[in-house]
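Please work out how this folds:
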Amino acid sequence: MKNKTESTTKDQPVIDNCIAVKKLVTTTLHPTSVPDIIEIVKKADIEKTPLYPISTGNNWGYGSSLPVQDDCIILNLSKMNKILDFDPETGVITLEPGVTQRQLGEYLSKHQYPYLIPVTGAGPDCSIVGNAIERGYGITPYADHFSSVLSLDAVLPDGSIYQSMLNLLSDKKTDTLHKWGMGAYLDGIFTQSNLGVVTQMSIALAPKPSSVKAFFFSVKNSDDLEIIIPRIQKVLKELSGVTGSINIMNQLRVLSMTEQYPKSALVDGLIPEALIKQLAKKRQVFPWTCIGALYGNKAIVNAAQKEIRKILGGKAKRLLFLTPKRVSQINTLIQKTPLLRSNMIGETVDTLHKTMQLFNGSPSEIALPLAYWISGNKPTDGTAMKPDKDGCGLIWYSPLVPMQAKQVRLYIKMVTNICIKHKIEPLITLTSFSDRCFDSTIPILFDKQNPEAVERAHACYEELFEEGKKIGFTPYRLSIHSMDKLKKYNATPDILKHIKKAIDPNNIIAPGRYISIDDMDK
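This is a model prediction of the structure:
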């Protein structure tokens, strides 16, 4: 398929990815404009050539740049990286798919615009648009990133352009004032779908508050989690708009951020319990660690701090409140002191400093080292971390978990038992999506060079999905290797099948993505 856009002929059996799945691809095209995309899509429709659009391809643990099915042309939109418009008064920014967290951060900093970046743990070089399309989330005040999407444009499978009714009736500026627009709401059908190629998106950025304060606390006894869950829920309900997402991490997940993987000490493929206790004692890590942040003016944040102390009560141990500025000052002092910089205190403060960057809406690589925990091949020369290209093995299992103490305990027991069964360390994080449910992210880490380890990792994901589904824990998003679950459980609504057939009869846009390929034949 010839095209004037920049292209790379792959002619190779695999694309680098963390989930250890092989897919055949023929070519990667790098369009640089909407007319390029229209031309490509029209040719693909005539030739019945499947296309698989990606933003930057840094979808680590869910498939990277991989298509769902073989023999697709990858439509890489990373060269479409313009910031098309920004309104400093409303905080609405219009972006192309290739704009990354890092690029947006540099833009806001250059112009001294007081807004937060919708950061994620995926790191500075991931697409803002791509994350929103997958309905990703973060920890800043606008935690649900698709909720902040006000308008989008997309190229449809026949080469025509989708714009909302309000945009067509008025203009783009008006369309970005009201998320729901006018008439049937259609923007949402371009998220977690294969109905078009999103070419630009307008997103409301959260204003940078005058005061940001992170809070940290521990749960000393594992059984006290049942007491803490309803209290966290109360914080989210009563301090809505002031509190961002709250993260709950188990002991092993926290240790994975601070300790090297003890490969030589493994017993039957797992870290022995005695060693976990020893490392936890050394690092002063309790069974559960909780992290959140408060946003607002100084008076509101201080008042919220007092309320949190009341709500969490005596069961929250070592409750601590810190500002990004204070942590930065401490970190600067430590970095100037060689003895402190190289010891455990220096490591802890450095990790805390990077975590605070995220709370402050600044891109950070704080979460990326997790992907390297088992491989140990993290770049040390300042090179940006690229887990797929660096050979990391990672599959994300990310189910929704009701914010109910008994359900959370049931979920933790299920994950722990299944992971241990498959010799996978149970690293558990629960992040509040709302005051109703958590999204739990379980990183299935494995040695990608070991076929037996790859098999165990995939078997672990499979059992987590199936057993979780039985008791009400279902992922909010799917990896490219798990899209077949929709077919297995006949989970694609008929109306979505009808829409796909109507606008993409040749099934050229991302075949198999959130709509089973077999559904197109019915």
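
is it true that L225 lies in a helix?
Yes. Counting by DSSP: H, G, I helix; E, B strand; the rest coil, L225 falls inside a helix.

how deep is it tucked in, by neighbour count?
Using other Cβ atoms under 10 Å, the number of residues around L225 comes to 21. All C-beta spots, glycine's among them, are computed from the backbone N, C-alpha and C.

Next: the one 5 residues further on.
The number of residues packed near P230 is 13, by other Cβ under 10 Å.

Need the nearest residue in space to it, chain neighbours excluded.
Of all residues beyond its chain neighbours, the one nearest P230 is A405 (6.3 Å), with distances taken as Cβ to Cβ, 6 or more residues apart in numbering.

State the pLDDT value of the one you found.
For A405, the pLDDT comes out at 95.

So it versus E226, what's the distance?
The gap separating A405 from E226 is 4 Å, by Cβ to Cβ, to the nearest Å.

which sections of this protein are below the confidence cut-off?
For the chain, the stretches flagged by pLDDT under 70 are 1-14, 339-343, 517, 519-522.

quick one: contacts for the spatially most central residue of it?
With the centre of the chain defined as its mean C-alpha position, the nearest residue by Cα atoms, centre = their mean is G136, 5.1 Å away. G136 makes contacts with 120, 122, 145-146, 477, as judged by Cβ atoms under 8 Å, 6 or more residues apart in numbering.

can you map out the helices along the stretch 1-150 of the chain?
If DSSP state H, counting those that start in this stretch is used as the criterion, the helices of the stretch 1-150 of the chain fall at 34-47, 101-111, 128-133.

Against which helices or strands is the longest helix seen in the chain packed?
Counting residues, the longest helix in the chain under DSSP state H turns out to be helix 451-470. Here helix 451-470 touches strand 393-397, helix 405-421, strand 437-446, going by 3 or more Cβ pairs under 8 Å, 6 or more residues apart in numbering; DSSP states H and E.

In a markdown table: these, plus mean neighbour count and distance to N167.
What follows is those, written out as a markdown table (neighbours: other Cβ atoms under 10 Å; distance: least, Cβ to Cβ, whole Å):
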| stretch | mean neighbour count | distance to N167 |
| --- | --- | --- |
| strand 393-397 | 24 | 34 |
| helix 405-421 | 17 | 42 |
| strand 437-446 | 23 | 31 |
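
who wins for proximity to I495 among the ones you listed?
Relative to I495, the nearest member of these by Cβ to Cβ is strand 437-446, separated by 25.2 Å.

quick one: contacts for the closest residue to N221 other than its chain neighbours?
If you skip the residues right next to it in sequence, N221 has P287 as its closest partner in space, 6.8 Å away by Cβ to Cβ, 6+ apart. The contact partners of P287, taken as Cβ under 8 Å, 6+ apart, are 219-222, 225, 250-251.

try 7 Å
Residues in contact with P287 (Cβ atoms under 7 Å, 6 or more residues apart in numbering) are 219, 221-222, 250-251.

List buried residues within these.
Among the contacts of P287, those classed as buried by neighbour count (16 or more other Cβ atoms under 10 Å) are 219, 250-251.

for those residues, which one is nearest L464?
For L464, the nearest member of the buried ones among the contacts of P287 is N250. The distance, counting by Cβ to Cβ, is 15.4 Å.

I'd guessed that closest one sits against C419; true?
No. N250 lies out of contact with C419 (Cβ atoms under 7 Å); the separation is 11.1 Å.

how close does V198 sit to Q69?
V198 is 20 Å from Q69, by Cβ to Cβ.

again but with F446, I slipped
Distance from F446 to Q69, by Cβ to Cβ: 24 Å.

Equivalent analysis for I161, please.
If you go by Cβ to Cβ, the gap between I161 and Q69 works out to 26 Å.

The two: which is more packed in?
With other Cβ under 10 Å as the criterion, I161 and Q69 differ in neighbour count, and Q69 comes out ahead with 18 against 13.

R513 is in contact with the more buried one, correct?
No. Q69 is beyond contact range of R513, at 9.0 Å (criterion: Cβ under 7 Å).

so what are the domain limits for this protein?
In the assignment given by automatic domain parsing, the structural domains of the chain cover 83-204, 210-322.

now those domains as TSV including distance to W396?
As requested, the domains of the chain are exported to TSV (distance: least, Cβ to Cβ, whole Å):
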stretch	distance to W396
domain 83-204	10
domain 210-322	13
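
for these, which one sits closest to L368?
Of all the domains of the chain, domain 83-204 sits nearest to L368, with 4.9 Å by Cβ to Cβ.

Could you work out the end-to-end span of that closest one for me?
Using Cα to Cα, to the nearest Å, the end-to-end distance of domain 83-204 comes to 14 Å.

Check stretch 107-116 too.
Stretch 107-116 has an end-to-end distance of 12 Å (criterion: Cα to Cα).
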